Each structure stands twice: as structure tokens, then as C-alpha cells.
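Peer 1: everything below, folded, please.
(chains A and B)
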Amino acid sequence: MAAEAGTIARPLTTSSVAAANPLRAGLASSRISDPCNVVFFGASGDLVKRMLIPAMYNLRLGDVLPTNFGIIGFARSANSNDEFRAQMKEAVDTYSRSGEARDPLWTDFANRISYVSGDFDDREAFTRLRAALEENDQKLGTQGNRLFYLSTPPSVFGKIVAQLAVVGLGPKDQATGWSRIVIEKPFGTDLESARALQSEVGKVFEEKRIYRIDHYLGKEPVQDIMALRFANVIFEPIWNRRYVDCIQITAAETVGVEGRGGYYDSAGALRDMIQNHVINLLALVAMEPPISPNADHIRDEKFKVLSALRPISVDHVPKMTARGQYGPGLIEGKPVPGYREESSVAPDSTTETYASVKFFIDNWRWADVPFYLRSGKRLARKTSEIAVMFRGIPHRIFGESGDQIETNTLVMKIQPEEGVSLRFNAKVPGPKMHIRAVTMDFNYGTGFGVVSAPAYERLISDAMRGDATLFTRWDAVEAAWEAVTPIMQRWSESRVVDFPNYLAGSQGPQSADALLIADGREWRRI
Amino acid sequence: MSVHIDSIADISRVLAQLRRTRTVASEGEIGSGARVATLNFIVFVDDPEHRPWVLERAQRIADKHPSRLIVLDGTSSGSGVDVSTSARQTAGATVINERVDVAVENLDHASIRSLTQELTAPDVPTVLWWSGARLLQSRTFKGLAELASGVLVDSSGKARDEETIRELGEFVARFPNVALSDLAFMRLLPWQDMIAQFFDDPALRESLFSLTSLRIESGSEAEALYLGAWLGSRLSWEVADRDTFRTRDGRLIPFEKIQKGDQRRVLSVALTSTDSRYLAALSECDPGVACLSVTGARAKPTWCMPLQSIDNTSLIERAILQGGADRIFETSLLTVRDLLG
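Peer 2: Residues are numbered from 1 along each chain as shown, chains lettered A, B, ... in the order given. Below is the predicted model:
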């Protein structure tokens, strides 16, 4: 169950204890000082193998994990501790960014991994889980601190949380230590199901203990949005309706559904991307300055701006949105099938693989500035970015006839490039006053020479630390669902006749272009 | 692209050549040639044997951080000035590094300072990596240190450990506004953390105040001196003599320094208290991992820790990025001076 006796018991380390150690003064360490257990539900799943265990191992390699920690996998598959450890080693060998697991560190790490087999409504199994946690507390010095990570379909979140409460693993039953729960997206499939889910989880865990993960928010460039805005003086004065013409937020992928056809066909681009990742980016770029970096201060501002999203009435949905579905086409010169030919997708599916939405934010800063959001699969290029497009100059005095004076654009690049670029106009050297737009680039990799850690590593360590800044609070989740609900409603009611309406490898459907053309604007090229 | 100029007499020619090579390197870029200069990185080397080691690491740093690398070559290996620019693609952006190698063996300190000042790019921090044989006894060093916001040295690995450390103490006093980093001290961070870890456990903390001896095995003396001095200064021990500390209640703590293993590497640290022994030692299977154990009355089973970024390039990089003075280092430095007498 827990680690073998006598192998890895460790000195206890907590923030307060470490602070009392005179040798700690001035000693830089990125290590999380609270000891804890991390329980992965759905431990035999792909996410645990591809992302979560490699992330934990890399946190260990980076000396970020606390000195006293334990990992427990919980899933239906019947496995012994050793079998599960062997599977996790294979996962690290295959997927870890640091390459194959190495001894003696792997053995030390593996000795802290244990496994509990059972169904998510099996009380006996949860009782065994409790025993495993208590054993770890004794042997590994994890002090009753527990992070429950639900890497499972949302349909079983309620069952897991209920069983935790039944066997006394809920926070209210804890005499010592803390309990937190990490929930993977999607949080619900619509507003109603999200509220039902919140109600179930909320019965056991208070909001401050719930960490709703959106791995997009763990990406370094997403975190830099706030730094760019609030650690510089030059941007904030022009970050408003007076200078900004529109904001375009793009999350474009070249991949198709990648074996997730079953899930994706019931979700679509609006639910899968716009409702969470893309709206979260909108909140970060549009929110007011928080009064401190405190998680709740930041999340208060995000909620305020999402609350100010102008509701799109069902009748206005056609004017404010566009949807599409890819047909066969070429990606990087190679033919790819259309969405309806993907496995587990209905041949007459009307699920959108592309969604674009025009939002307005009804507040003083952003009144009448359109926020164009788009996300799609099988598009021309993989790119995620936020483009702040500024208004044109009020009076032209430079430039030869024929020179086009472009408007300034500030682009926050999230992936695959990570950085910021600013496009502005400059004089072309020579006797004439030709003006041409040039780009000034900042790139994370080259600017700092530091490789960003994968988002999951950052987010898991934040949850262990109790820093909820990069996790989505319920009020923001609810506001995001409220914003997209009329669109979902209209799209489900109106029959789609033109799907597929864009070629794989293209810029998306023409209807999306029309959305901007009607406003006298155009999308940035993907 | 690389161009050789016979004389440093005309610095403007060197700078013009830098501009030309940069333009050629950025040909094909849309809009402006991308360049994000993060620092001037001045490297001084005067030991022919050490030269390849230093230059290889300097280039690695320069490759990673878009910079103007100015190599002041005090060996007889170079002549005149070599100006080179390299461009590389990273995540869709072109990064251009500039490098100027100047043969300074036959130049006086004033000329070296003057030409270096002219060669540095404005408005970016200037870091000096000094691998010369002497510090404050060298007028070249003093001249270059005045141009720098940060100075990086490595007091470890040579017969001059002691003398260098003495000079570092003096440097801190004379250049309070320049952030000084010694790779020998920076290499010790994981070891300091491991020693501290033993006593994070409240049940073991009292042992910290009943330590009876300290034994450090390392490939060069600077590491042992610094680590012992760090521990002593944290616990308010006084220096009794070169091999002994004295606690505040007057107990003597023997400090044994064993020279063993590769230069610049610590092999093990052993602390003994009245009833237990605390040992942190490099793993025999993986030099990137250390194993810790407590034996005796407060025995604990062995556990392992990764040793973070102690390779020289990482340390140099950290020194460049951290900026600012390190008060813990400075306090330890003063204790080392006391140990050396």
C-alpha cells in the first residue's frame, strides 16, 4: 500500500518548521515545504501516464516536491503496488521531458508510490484508500495533508467526492492537515450540469479547497499577460476603448480529434475551447488591475469582467457568432480526412469544430470594443495568441502615396511561440518618406534562455502549495457558461445545412470572415 | 560570420563591422532584424591551459542569452581583433549574438579598460567573468570591475584558492555596488540545503546546537572552506583557528577538510552531534544525486535528493540572472577570511 517500511522516512518539513531552522535563512529553494500525499483518481488513464506522473517526477528532479511526499493511484484496474510502479516507470520513460527515469532517484520516488484498486462507488476501496493515506502519514511523514486529483470523466466526480466524505476523507473530518481537490475540465457540459456538479462537490469541499484546472492557464505566456499589463507603465494607459479598436483571441489547432471523437462529438469547439480556455484569456486581458497578487484578488477581477460580458440573446446569435466543421483537406502537405470521417464521429455529425464569437464588455474601459474569439481544429497553423489591435492614427502626415499606414498591434503569443511582439510603423531608409510596418519581437526562450516548465508541473505544484491563482473559481466558471448558453441553445435549435464548411488546413469558414467584414475588420491570418 | 581586424586602434571600425555582420545575419527577416540584447558579457582569460574551458562556457552562455560577448584574451593565443556574429532560429525568431575577441596580452590596463568600455553595448547590464590569476592586485581587473554591474569569479580549483578568497573579501569592501558571485560558493547551494534539511525536523533541531565535529570531503579547498564558513556563520560560531570553530558557549568544533575527488566538487559532508551522525554524500550511481542518512540515537533511513544545476554553465547563468548582492555569501566570505587568518 504505502512505501516499504524503513526505506524513506524523512525529516518533517513545513513552512513554519523550516522558518525556525537557522540554516534556512537566506537559502533559496523552490521546494514546496508542506509535506503531502497526492491521490490520482483515474490513475490508469492516459492523462496520468502522459502528463501527471511525468510532471510529478520532473518536479522531483527539479527539487520542487516537498521532502515528505506520497503518491497514491486509484483506479478500477487490478494492480499491485509493484505493477503500478512499473507502469508509472514506463510512463516516465516514455513521456517525461527529462528522459528515462534514473536511479537512485527513481527508486526513491517509486517507493513513495502506491496503488488502490476499486470502483468509484466502492466504499471498501475508499476505506482502503484512507488506510493507505494514514499509513503514508506515519511512514512518509505526510502529516495528513492530501491533494485529491480527479483525472476522470466529469460523470464520476460526484461519486468520488461523495465516497471521500463517507469514509471520512472530507476536509470536515480532518483533525490535522489540509485537503484539496483538483478537478480537470470540462466542469459540466452546460450551465445546468455545471451547477449540479458544483452542488455535489460543494457539499464536501468548500470553494477555497477546489482547484479547477485549466492547463492553458499554467502556460508561462498566459501568466505573463498580467506581468505585461501590470508590471509596465507603458501599456495600461492605452489599454482601453480610447486606443484599442478590437481584441482578437485565437486558439487554432492543426490536429483533428486525435482519437477523442466520441467525447468531442458531444462537446464541440464552443464547449471544448471557447467556454474555458479562450474566455479565460479574455478575462486576463480585459480585467481591471487587482489590488494584489493574492489569488482571490485576481479572481475577483476576472469574475467582474466576465460578469460584464454583454449577454448575447438567442435571436442575436447568428449576428454574433460563426461555426464551422472541417472537411477533408491538406495539413502540412498531407491529406487528412474530414471531421465526419474521423473514428467515433457520426457520419452526419453537426458538431462544430470551429467556433467564433463576438463579445462586448459593458464597462467603462471596454464599452463598444469588440472581442473576437475563435477556436478551431484542422486550421492552417497551430497558434494561440491574443492580439490587441489599436486604433488608426487620427491624422496622417507621413508616408508616400501608396504607403499603407498599418495600425499598431500588440500580440501576446502563447503557443507554439511564446512571447510578445509589437508592430509599429517606421521610415524606410532613403530620400523619400516611405513608411513601412515592422515588428519588434520578444521571445521567452531567447530573451531569458530559460525553458518554460510544462503547464501541469506548474499547476500541480501550485495546488500542493495552496496557490489558487491559476485555477478557475466557481463564479467565473458559471459566468463563462452563462455567456455561451444562448449560443449553445441557438446552435442546437437551428439546423446546420452547410457542414462541412471549411477545408482542413484553411483559415476557417467564410462565415467567420463575414463576422468581421460586417464590422469593417478582418481576422489576423492564422 | 567572422572578420579579423589587425589592430584595436580603430574601435569604430570594429563597431561598424559588428553592425555589418548583424545586418548580413538578419537578411531575410521580415521587418526589423530581430535582436534582443540582454547583456554585455565580458570574459577575461590569461591562463592558456584554462582558456578553452572558459571560452567554451562563455560561448554556451552567449548562445543562450542574446548578448555581446567580449573576450579579452590575455594569453598569447590570439592577435588583433576578431569580430563575429552568429544568428540562430529559436521558436520562430532570429537571435543574433555578437562576439568580439580582443588579444590583450600586450596591452596595458588603461587601454584594455578604454577599449572594453567602447565595445560594450549601451543600456544593458555588464557582467565581467574574471578568470585571471589575480584580482585586486591586477589593475586590469580593477579597471574592468568599474565597468561592470556584476563580477563573477571562481576561487576554486587552483593553488590560488586561499589568496583569491582573501582578495574577494577586500573586493566586497571596495566595490559595494558591484554584485560579486563566486562559483565556488554557488556550487554549494544544494549542499547547504541538504544540511539544513537534516534539521528541519523539530525533533532533530536541538542537535544543531550540540554538534561536535564537521568533516567535508571535496576536490578543492574553496568548497570546504565556504561550506564550513557558511555553517559556522549561520550558527554564530567563532573561528578558533584554521581547523577549529568555537561555539558561543565555548565548545570547540574540529573542522576537518579532506581533499578528495574531482576539483570543484563536494563529495560528502558529515556532521557529528553528541548522539548522532548526519551524512550527506554523493551517490555512487549518479553524480547528480546525493543520499542523506542519520545514524546513532536519532537514526533515520537513507533518502536521496537531486543536486540542482551545479554544472558550471548553469552556475554562471544563475549568477548573471540573479543580480544584486548575496548577503549570506558575504558573511560566509568574512568567516573564511577569519579561518585563513
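
Peer 1: quick one: low-confidence ranges for the stretch 1-150 of chain B?
Peer 2: Segments of the stretch 1-150 of chain B classed as low confidence (criterion: pLDDT under 70) are B:1-11, B:18, B:21-37, B:77-79, B:84-96.

Peer 1: and the strands in it?
Peer 2: With DSSP state E, counting those that start in this stretch applied, the stretch 1-150 of chain B shows strands at B:2-5, B:39-45, B:67-73, B:81-90, B:93-103, B:126-130, B:150-153, listed in chain order.

Peer 1: quick one: which helix or strand includes residue B:217?
Peer 2: Assigning secondary structure by DSSP states H and E places residue B:217 in strand B:211-218.

Peer 1: helices or strands next to that strand in the packing?
Peer 2: Contacts defined by 3 or more Cβ pairs under 8 Å, 6 or more residues apart in numbering or on different chains; DSSP states H and E place strand B:211-218 against helix B:221-234, strand B:252-259, strand B:266-273. Every residue, glycine included, has its C-beta placed from N, CA and C.

Peer 1: distance of the closest residue to residue A:359 other than its chain neighbours from residue A:363?
Peer 2: Among residues not flanking residue A:359 along the chain, residue A:371 sits closest, at 4.5 Å (Cβ to Cβ, 6 or more residues apart in numbering or on different chains). Separation of residue A:371 from residue A:363 (Cβ to Cβ, to the nearest Å) stands at 12 Å.

Peer 1: next up, the contacts around the closest residue in space to residue A:367 that isn't next to it in sequence.
Peer 2: Counting by Cβ to Cβ, 6+ apart, residue A:241 is the residue found nearest to residue A:367 once chain neighbours are left out, at 5.6 Å. Contacts for residue A:241 were tallied using Cβ atoms under 8 Å, 6 or more residues apart in numbering or on different chains; they are A:365-369.

Peer 1: for residue A:60, see how far away the residue of the stretch 51-200 of chain A found nearest chain B is.
Peer 2: Ranked by Cβ to the nearest Cβ, the top residue of the stretch 51-200 of chain A for proximity to chain B is residue A:108, at 4.3 Å. Per Cβ to Cβ, residue A:108 is found 8 Å from residue A:60.

Peer 1: any idea how far residue B:139 is from chain A?
Peer 2: Taken as Cβ to the nearest Cβ, to the nearest Å, the spacing of residue B:139 relative to chain A amounts to 33 Å.

Peer 1: skip the chain neighbours and tell me the closest residue to that residue.
Peer 2: residue B:109 (4.0 Å).

Peer 1: residues near that neighbour, how many?
Peer 2: Other residues lying near residue B:109 total 15 when counted by other Cβ atoms under 10 Å in any protein chain shown.

Peer 1: what sits up against the helix or strand containing residue A:108?
Peer 2: Assignment of secondary structure by DSSP H and E places residue A:108 within helix A:105-110. Under the criterion Cβ under 8 Å, 6+ apart, residues A:8, A:56-57, A:60-61, A:85, A:88-89, A:92, A:101, B:286, B:289, B:303-304, B:306 lie in contact with helix A:105-110.

Peer 1: ok now it, how far from the chain's centre?
Peer 2: For helix A:105-110, the distance from its own C-alpha centre to the chain's C-alpha centre is 29 Å (Cα atoms, centre = their mean, to the nearest Å).

Peer 1: counting neighbours, what do you get for residue 150?
Peer 2: All of this is about chain A. Taking other Cβ under 10 Å as the neighbour definition, residue A:150 ends up with a count of 23.

Peer 1: correction: the question concerned chain B.
Peer 2: Residue B:150 has 22 neighbours, counted by other Cβ under 10 Å.

Peer 1: how near is it to residue B:325?
Peer 2: Where residue B:325 is concerned, residue B:150 sits at a distance of 10 Å (Cβ to Cβ).

Peer 1: which neighbours do the two share?
Peer 2: Both residue B:150 and residue B:325 are contacted by B:179-180, under the criterion Cβ under 8 Å, 6+ apart.

Peer 1: just give me the neighbour total for the residue lying closest to residue A:307 once chain neighbours are set aside.
Peer 2: Distances taken as Cβ to Cβ, 6+ apart place residue A:479 nearest to residue A:307, at 5.6 Å, with adjacent residues excluded. For residue A:479, the tally of surrounding residues (other Cβ under 10 Å) stands at 20.

Peer 1: do the same with the one 4 residues further on
Peer 2: With neighbours defined by other Cβ under 10 Å, the count for residue A:483 comes to 22.

Peer 1: for whichever residue of the stretch 201-341 of chain B sits closest to chain A, grab phi and psi.
Peer 2: Among residues of the stretch 201-341 of chain B, the one nearest chain A by Cβ to the nearest Cβ turns out to be residue B:201. It sits 3.3 Å away. With angles defined as degrees, to the nearest 10, residue B:201 sits at phi -70, psi 120.

Peer 1: residues in contact with the residue minimising distance to the centre of chain B?
Peer 2: Note on chain B: the residue nearest the mean C-alpha position is residue B:183, at 2.3 Å, using Cα atoms, centre = their mean. Counting by Cβ under 8 Å, 6+ apart, residue B:183 makes contact with B:152-156, B:264, B:312, B:315-316, B:319.

Peer 1: what's the answer for residue A:369, then?
Peer 2: For residue A:369, the set of contacting residues under the criterion of Cβ under 8 Å, 6+ apart consists of A:241, A:244-247, A:360-361.

Peer 1: how close does it sit to residue A:243?
Peer 2: Counting by Cβ to Cβ - residue A:369 and residue A:243 are separated by 10 Å.

Peer 1: likewise for residue B:139?
Peer 2: Remark: distance between residue B:139 and residue A:243 (Cβ to Cβ) = 54 Å.

Peer 1: now do the same for residue B:209: its pLDDT.
Peer 2: At residue B:209, the pLDDT value in this model is 88.
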